[in-house]
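Enquirer: Build me a model from this:
(one chain, ligands or ions: 1)
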Amino acid sequence: MIRVRFAPSPTGNLHIGGARTALFNWLYARAKNGKFILRIEDTDSARSKQEFVDEILNSLKWLGFDYDEIYYQSQRFDLYKEYAQKLLDEGKAYTEKLPDKTGEAIIFRVNNQAAVHPEQAASHPEQSEGSSQKIKINDLIRREIEFDSNVIKDQVLIKSDGTPTYNFACVVDDATMNITHVIRGEDHISNTPKQILIYQALGFSVPEFAHLPLIMGTEGRLSKRTGATAISDYSKMGYLPEALANYLLLLSWSPGENREVIDINEAIRLFDVKDVNKTAASFDLDKLSWINNQYLKKEPLEKLVDLIVPLLIENNYIQKDNFDRDYIVSIIKLFQARLSTINDFPDWADFFFLKDIKMDEKAKEKFLSRDFSKEFKLFIERLEALEKFDIETIETSFREIVKELSLEVKILIHPIRVALTGKTVGPGLFEVIYYLGKERVRERLEKWIK
Ligand code: GLU
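Expert: The predicted model follows:
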């Protein structure tokens, strides 16, 4: 049975890189009918925070990456001590007390020379040459990588404060949790040979490894500065979890045939960790927005309403428990195909909810500096006189007016749009007029009649 794990340290939020690692582990487990294990690596009590554990758990849940088992390293210190003691007993590790520390550290003898003290070995590298060995990783993505144990120094297993180091706790856990495949970021490649030596010293079998390529930002390495990276921020920015998961997939993997939008269940059928790319992936927010738009277009309206209503309440565009849901559904329909994020909606559709619309000053200058009193007056009159007020009749009367006044359609369409919405772009003007209703249209146009 395939068993994989995602092992975040709760010293910060879950970011794009971590979420992709979680996704690829989760996918691999689901693809192979295996188990996905979540291991919280909270050995550093000073830097680990409950708020980060919560953020990581919530983000994984939001993305839909459900785990089968969960462990906290802080609850397993006895186990690490037990295995460190075993290595001590077998002469594969030694203790050392640093002058300013209270406890003793337990240190792994890398080149296994029981007689040579570490300092000595380091200052006389030729002495350790005889016992050096090649450590090979058969990486599932990057193929063979070879390291020389000579370049690896003796490793601290348990620090003088009694806490285990990452490399040691990681090996003890991966071995005792029966992890078959370690799938993690490429930044851990240099740890892998150190870990392999510990597996061997403890008599554990070594799992398979797959190191995922780096994710670069558009300005180089992904960093906190190149945009919001916490997964919880993407939710706040109006991205759908399905879209973000889809985008994360494309950072190093492709379903083939140039496909970019892929349902997660289909990805489960197609995914194999061996097919992950070796080259660095590049994170592009515009691409994510494009994918999000693809998902928003297909999103059931009722679900969209549920996501959008809280934003409208937050913006004071509607009042909690006192709004017309059907009206909101109609307005969402007007914008749905073009939304890149959920958050676009309150910005783009504000004029349907505000009494005093926000006016784009440039648009006003460009389209409303001329006097349109005559045209606007005529348009109001015709709208008032309409027996049947619907999108079609609104359009017909508009077209009659431009004909009568011998105007080009665009000469009138832009000024009316700007006067009604405060913007130069938006849904079809006749739909806008219909959903604003006669009264608001009259009020907003009258403002421009001198
Ligand atoms: N806690 C480590 C990290 O967050 C885990 C690395 C691993 O997967 O072994 O980078």
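Enquirer: what's around the closest residue in space to A230 that isn't next to it in sequence, how many residues?
Expert: What sits nearest to A230 in space, not counting adjacent residues and going by CB to CB, 6 or more residues apart in numbering, is N13, at 3.7 Å. The C-beta positions use only the backbone N, C-alpha and C, and glycine is treated the same way. Using other CB atoms under 10 Å, the number of residues around N13 comes to 20.
Enquirer: low-scoring pLDDT stretches of the stretch 101-250 of the chain, where are they?
Expert: Residue ranges of the stretch 101-250 of the chain with pLDDT under 70: 112-131, 220-228.
Enquirer: Now I37: which helix or strand?
Expert: strand 35-40 (DSSP states H and E).
Enquirer: That strand near the ligand at all?
Expert: No - against the ligand, strand 35-40 shows no contacts by CB under 6 Å from any ligand atom, the least distance being 8.1 Å.
Enquirer: Run me through the strand neighbours of that strand, direction for each.
Expert: Counting by DSSP bridges, the strands paired with strand 35-40 are strand 3-6 (parallel), strand 69-72 (parallel).
Enquirer: Can you get me a residue count around the residue of the stretch 301-450 of the chain at minimum distance from the ligand?
Expert: Using CB to the nearest ligand atom, the single residue of the stretch 301-450 of the chain nearest to the ligand is T341, 28.4 Å away. Counted with other CB under 10 Å, the neighbours of T341 add up to 18.
Enquirer: buried set for the helix ranked longest in the chain?
Expert: Across the chain, the longest stretch assigned as helix under DSSP state H is helix 429-446. Across helix 429-446, burial judged by 16 or more other CB atoms under 10 Å covers 429-436, 440-442, 444-445.
Enquirer: Please list all residues in contact with D66.
Expert: Taking CB atoms under 8 Å, 6 or more residues apart in numbering, we find D66 in contact with W26, F36, L60.
Enquirer: near the ligand, which residues of the protein show up?
Expert: Within the chain, the positions adjacent to the ligand are A7, P8, S9, E41, C170, R184, H188 by CB under 6 Å from any ligand atom.
Enquirer: For W62, see how far away the most far-flung residue of the chain relative to its centre is.
Expert: Distance from the C-alpha centroid of the chain, by CA atoms, centre = their mean, peaks at E404 (55.1 Å). Note on E404: its distance to W62, by CB to CB, to the nearest Å, is 56 Å.
Enquirer: follow-up on the earlier one: which residue is the nearest non-sequential neighbour of the residue of the stretch 301-450 of the chain closest to the ligand?
Expert: Nearest non-adjacent residue to T341 (CB to CB, 6+ apart): G238, at 3.2 Å.
Enquirer: The one you found sits in which helix or strand?
Expert: Assigned by DSSP H and E, G238 belongs to no helix or strand.
Enquirer: Next: the one 4 residues further on.
Expert: For E242, the element it lies in under DSSP H and E is helix 241-250.
Enquirer: And the helix or strand that that helix is followed by, what's buried?
Expert: The first helix or strand that comes after helix 241-250 along the chain, using DSSP H and E, is helix 264-270. Under the neighbour-count criterion of 16+ other CB under 10 Å, helix 264-270 has I264, A267, L270 buried.
Enquirer: ok so the residue nearest to A230 is a strand residue?
Expert: No - if the criterion is DSSP: H, G, I helix; E, B strand; the rest coil, then N13 is coil and not within a strand.
Enquirer: Look up how far I145 lies from the residue lying closest to A245 once chain neighbours are set aside.
Expert: Excluding the flanking residues, the one nearest A245 by CB to CB, 6+ apart is L63, at 5.3 Å. As judged by CB to CB, L63 and I145 stand 30 Å apart.
Enquirer: and those two? which has more neighbours close in?
Expert: Under the criterion of other CB under 10 Å, the comparison of L63 against I145 puts L63 first, with 22 against 15.
Enquirer: That one contacts R20, doesn't it?
Expert: No - L63 lies out of contact with R20 (CB atoms under 8 Å); the separation is 10.5 Å.
Enquirer: what do these two both touch?
Expert: Here L63 and R20 have no joint contacts, going by CB under 8 Å, 6+ apart.
Enquirer: Give the burial count for L407, as a bare number.
Expert: 13.
Enquirer: Check which helix or strand the closest residue to it other than its chain neighbours maps to.
Expert: Nearest residue to L407, sequence neighbours excluded (CB to CB, 6+ apart): E375, at 7.5 Å. In this structure, E375 is located in helix 373-385 according to DSSP H and E.
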